[in-house]
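Engineer: sequence first, then the predicted structure:
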Amino acid sequence: MAEYRKGRHCCGTCAYWRGDREVNASRSVIRTGYADRGECGLATSGFHGIDMKSMDKCSRYSEWDVLD
């Protein structure tokens, strides 16, 4: 299991990533599987529609609003 804290700029914490993930009770840590992939949902990104790993990143990052 991979854990990403609020402030970590990667797909697993990005608002546009459509992979499976869980948020801890304090809403500060996201958990995903190491090999988990999810589609990029940002229409203006070069990665739109592509399955990205939770640890991948790009310059169009936007923090997921579930994080506190």
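Structural biologist: All right, it came through fine.
Engineer: show me what contacts the spatially most central residue of the chain?
Structural biologist: Closest residue to the average C-alpha location of the chain: residue 12 at 2.1 Å, with CA atoms, centre = their mean. For residue 12, the contacting residues are 2, 4, 19, 21, 30, 32, 36, 54, 55, by CB atoms under 8 Å, 6 or more residues apart in numbering. Backbone N, C-alpha and C define where each C-beta goes, glycine included.
Engineer: how far away is residue 8 from residue 34?
Structural biologist: 15 Å (CB to CB, to the nearest Å).
Engineer: for residue 18, give me the pLDDT.
Structural biologist: Note for residue 18: predicted pLDDT of 98.
Engineer: isn't it up against residue 41?
Structural biologist: Yes - using CB atoms under 8 Å, residue 18 makes contact with residue 41 at a distance of 5.3 Å.
Engineer: show me what contacts residue 38?
Structural biologist: Counting by CB under 8 Å, 6+ apart, residue 38 has contacts 11, 17, 18, 19, 20, 21, 51, 52, 54.
Engineer: max pairwise distance over these: which two?
Structural biologist: 21 and 51 (14.3 Å; CB to CB).
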